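S.K.: Next come a sequence and a model predicted from it.
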Amino acid sequence: MTKQSIGIIIAILVILGGIAFLTFGKLEKNLVYFVTPTEILKKGASALNQSVRLGGMVRKGTIQWDPEKVYLEFILTDNQKEVRVVSHETPPQMFQEEMGVVVEGKMLVQGYFEAERLMVKHSNEYHPPKEGEKPHLIYKDITQ
């Protein structure tokens, strides 16, 4: 092998290494880690007032939404344990019962999770609004 071919091989390896670093390094920062209701309740007092992401399913029949007070309450479950979640933020348009959500916030000593941010699991498919559909009707659907 000549010095030139060794140099080309090293250059290719450096470029591939750089691409791998950028791809996997950035990917790690974009992953969303969360604890489940079972895990956060198992931690007990050590979980109180700690900023965390909590993930699970919205239990059917538990959503209470008051748009005038901007008050949202629901039960998050992992089918083993449940945590009451309270938020003073407007829920995402796609938020509904029996769907996977991740909330960011803190478990409070009062026994509920105070969410500052709510993220919903959704597909990548775009569905345009139905003929005549208005935004206030969409939020009405989440409480039914």
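M.R.: Structure received. Residues are numbered from 1 along each chain as shown.
S.K.: now the helices for the protein?
M.R.: With DSSP state H as the criterion, the chain has helices at 3-30, 37-43, 135-141.
S.K.: Span of stretch 93-103 from start to end?
M.R.: 15 Å (Cα to Cα, to the nearest Å).
S.K.: Same check on stretch 33-40?
M.R.: Span of stretch 33-40 from end to end, Cα to Cα: 13 Å.
S.K.: what does that stretch contact?
M.R.: Residues from elsewhere that reach stretch 33-40 (Cβ atoms under 8 Å, 6 or more residues apart in numbering): 43, 47, 52-56, 76-78, 80-83, 102, 107, 113. Every residue, glycine included, has its C-beta placed from N, CA and C.
S.K.: Break this protein into its domains for me.
M.R.: Segmentation of the chain into domains, based on automatic domain parsing, reads 1-31, 37-141.
S.K.: Return the most buried member of these.
M.R.: Of the domains of the chain, the one with the most neighbours on average (mean count of other Cβ atoms under 10 Å) is domain 37-141, at a mean of 14.
S.K.: who's the nearest residue to L108 once chain neighbours are set aside bridged to?
M.R.: Distances taken as Cβ to Cβ, 6 or more residues apart in numbering place E114 nearest to L108, at 5.5 Å, with adjacent residues excluded. Applying DSSP bridges to E114 gives these bridge partners: V86, K106.
S.K.: just to revisit the earlier point, which one of the helices of the chain has the lowest average pLDDT?
M.R.: For the helices of the chain, the bottom mean pLDDT is recorded on helix 135-141, which sits at a mean of 52.
S.K.: Identify the residue nearest the geometric centre of this structure.
M.R.: V102 (3.0 Å; Cα atoms, centre = their mean).
S.K.: from memory G61 sits against E97, does it?
M.R.: Yes - if you go by Cβ atoms under 8 Å, G61 and E97 touch, sitting 7.0 Å apart.
S.K.: Could you list which residues are in contact with E98?
M.R.: Taking Cβ under 8 Å, 6+ apart, one finds 57-60 in contact with E98.
S.K.: Tell me which of these fall in strands.
M.R.: Those of the contacts of E98 mapping onto strands are 57-58, per DSSP state E.
S.K.: Show me which of the contacts of E98 is closest to E89.
M.R.: V58 (15.1 Å; Cβ to Cβ).
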